[in-house]
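K.L.:
Quick one, structure for this:
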Amino acid sequence: MVDALVIIPTYNEIENIERIIRNVFSLQRDFNILIVDDNSPDGTSDKVKELLSEYKDSLFLLERKGKLGLGTAYIAGFKWALEHSYEYIFEMDADFSHNPNDLIRLYNTCSKGNADVAIGSRYVTGVNVVNWPMTRVLLSWLASKYVRFITGMNIHDTTAGFICYKREVLEKINLDKIKFVGYAFQIEMKFKAYLLKFNIKEVPVVFTDRTRGTSKMSKGIISEAVFGVLTMKIKSLFNSYEI
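P.N.:
Model prediction:
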């Protein structure tokens, strides 16, 4: 049985979805894929359904009723992965900002190294971002610095969304107590793994901004991250933070 599952949340990714699926399945190591689609009006889930028979027992689709947020998509995927006995569970975007070839490096960091969480990090060896305007690079880099300062986590890329979790990490975190749905979700998951004293390692990757489709970033997502971090840290200091 394949022990690794790549969870890819989608909303209007018709331009990328077939390519990303075929790319992952072309790797030298075997991965299964779970697409979590939020009722994309562009037909993303229909394209996935066309591929299900070709990749029987390797490709799976979880359809949701609407656009419910990145965090809830991943939580639904995590629960599915745990129910189906996967040992290594990945987060990855559909838009090729995360290079599928790096999945193997993240896998090896957890399976052969001693990491419980392996992060595909844009900032652990400098700034490895391609095709972003300088303002967005600075915003992302400063956000990670801010989160690192507030939380005390020794992580350079605290907002990264390219991650491998060992099964026991997701079993230990109460997924029903995750509060955030946007990019703050990524911070919250790392913070809880940190509080639980899991071994977190960063693997340097090059992040390339999407060339097809539309970014899901918004001001609301940014403000959730900024203020959510303070809330998490304060609650953790007074033992009122549920892990």
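K.L.:
What's the local residue count around Gly228?
P.N.:
Burial of Gly228 is recorded as 20 neighbouring residues (other CB atoms under 10 Å). Glycine gets a C-beta too; all of them are placed from N, C-alpha and C.
K.L.:
For it, give me the pLDDT.
P.N.:
pLDDT for Gly228: 83.
K.L.:
Confirm Ile33 sits in a strand?
P.N.:
Yes: Ile33 sits within a strand when classified using DSSP: H, G, I helix; E, B strand; the rest coil.
K.L.:
right, and Gln28 touches Ile104 too?
P.N.:
Yes: between Gln28 and Ile104 there is a contact under CB atoms under 8 Å: 7.1 Å.
K.L.:
Could you list the low-pLDDT ranges of this protein?
P.N.:
Across the chain, the ranges flagged by pLDDT under 70 are 210-223, 225.
K.L.:
Tell me if Ala118 really is in a helix.
P.N.:
No: using three-state DSSP, the assignment for Ala118 is strand, not a helix.
K.L.:
What's opposite it in the beta bridge?
P.N.:
Cys164, Lys201 (DSSP bridges).
K.L.:
same deal with Glu63?
P.N.:
Under the criterion used here (DSSP bridges), Glu63 is bridged to Asp37.
K.L.:
thinking it is in contact with Asn39, fair?
P.N.:
Yes: using CB under 8 Å, Glu63 is in contact with Asn39, at 6.9 Å.
K.L.:
shared neighbours of those two, anything?
P.N.:
Here Glu63 and Asn39 share the contacting residues Ser45, scored by CB atoms under 8 Å, 6 or more residues apart in numbering.
K.L.:
Have a look at Gln28 and Ile104 and say which one is more surrounded.
P.N.:
Shown here are Gln28 and Ile104; by other CB under 10 Å, Ile104 has more neighbours (14 against 6).
K.L.:
Now that one: closest residue in space that isn't a chain neighbour?
P.N.:
Using CB to CB, 6 or more residues apart in numbering and skipping residues adjacent in sequence, the residue nearest Ile104 is Arg29, 5.1 Å away.
K.L.:
who's in contact with that neighbour?
P.N.:
Neighbours of Arg29 in contact, by CB under 8 Å, 6+ apart: 4, 103-104, 107.
K.L.:
helix or strand for it, which one?
P.N.:
Following DSSP states H and E, one finds Arg29 outside all helices and strands.
K.L.:
how far away is it from Asp93?
P.N.:
19 Å (CB to CB, to the nearest Å).
K.L.:
Many thanks, we can stop here.
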